[in-house]
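> the following block contains a protein sequence and its predicted model.
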Amino acid sequence: MAGPTFHSFAATFGCVGDIKATMNIRESIQSQFSGKAFERPLFYSHDKGLRFELSLGGDWLDQFDLALRKSHEICEDIFDKEIVACYRIFSDEPLVSSISTFRELRDIGLFPERDKEHWFERVAVDEDWIEDENEDYWHTVAVKLPKSSLKKLLWCSMAQDLGVKPCPQVNIYLFDLSKGVEVWPYDDRGMDVIGNTAMLSQLYKKFNSYLLDYDREIMDTNFG
């Protein structure tokens, strides 16, 4: 399934030559984050992490504007040069069925022609609750982008629940694999950061006023 599915997808974008036999990005993510980089909610899946509150009410434009500004301010301190972005799609269909989503990402400069990796995992199901013969998968496509793409990546994440365009229908996870830090801006409400405890400690101090009060006691225990 994986070979033909990604071959068709890659051929459509003219990047068959970029398919890699070894998944270097995937292996690095698995190793650095103990195989739990995509568990949700991310903050509660790891011993130490930060959870930032982004939007604070108001109309949709106020929420979007504040969430974008706060998330960008925090991420400016995290990323230096290269960002590894992982686009995640939940589907019971081959990846090629989501080609319009990746075309939208390409049109806004977030889907480069080279250095892409694709993998998928079957979603664990309760056999007693299976209603049809379809199998559900999480598809992941990882790309490498320059830091100048940061605001676009955050825009697409913040727009998920607000109907702001462009808004590709993917979950976006951001990594700095040289520092061992992962960022999940799940929507305009908040953003989780895990990984390098030294970096998290710096963020805890600098952006303390942005931390989500609901989970502040946990973060104070770990970093305060």
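Ah, there it is. Numbering: from 1, shown residues only.

> on the three-state scheme, the residue positioned nearest the centre of the chain is what?
Nearest residue to the geometric centre of the chain (C-alpha atoms, centre = their mean): residue 173, 1.2 Å. Under DSSP: H, G, I helix; E, B strand; the rest coil, residue 173 falls in the strand class.

> report the beta-bridge partners for it.
residue 86 (DSSP bridges).

> that one and residue 122, how far apart?
19 Å (C-beta to C-beta, to the nearest Å). Glycine gets a C-beta too; all of them are placed from N, C-alpha and C.

> check residue 140 too.
13 Å.

> for residue 170, same thing?
On the measure of C-beta to C-beta, residue 170 and residue 122 end up 19 Å apart.

> more neighbours: the two, which one.
Between residue 170 and residue 122, counted using other C-beta atoms under 10 Å, the more crowded position is residue 170 (24 against 9).

> check contacts around that one.
Going by C-beta atoms under 8 Å, 6 or more residues apart in numbering, residue 170 touches 87-89, 101, 105, 156.

> again, but for residue 142
Per C-beta under 8 Å, 6+ apart, neighbours of residue 142: 25-26, 29, 84-87, 116-118.

> try it again at 10 Å.
Residue 142 makes contact with 23-26, 28-29, 84-88, 115-119, 173, 175, according to C-beta atoms under 10 Å, 6 or more residues apart in numbering.

> in this protein, where is pLDDT below threshold?
Applying pLDDT under 70 to the chain flags the ranges 1-23, 124-134.

> could you pull out the strands in the protein for me?
Assigned by DSSP state E, the chain shows strands spanning 49-53, 82-91, 116-122, 137-146, 171-176, 181-187, 190-195.
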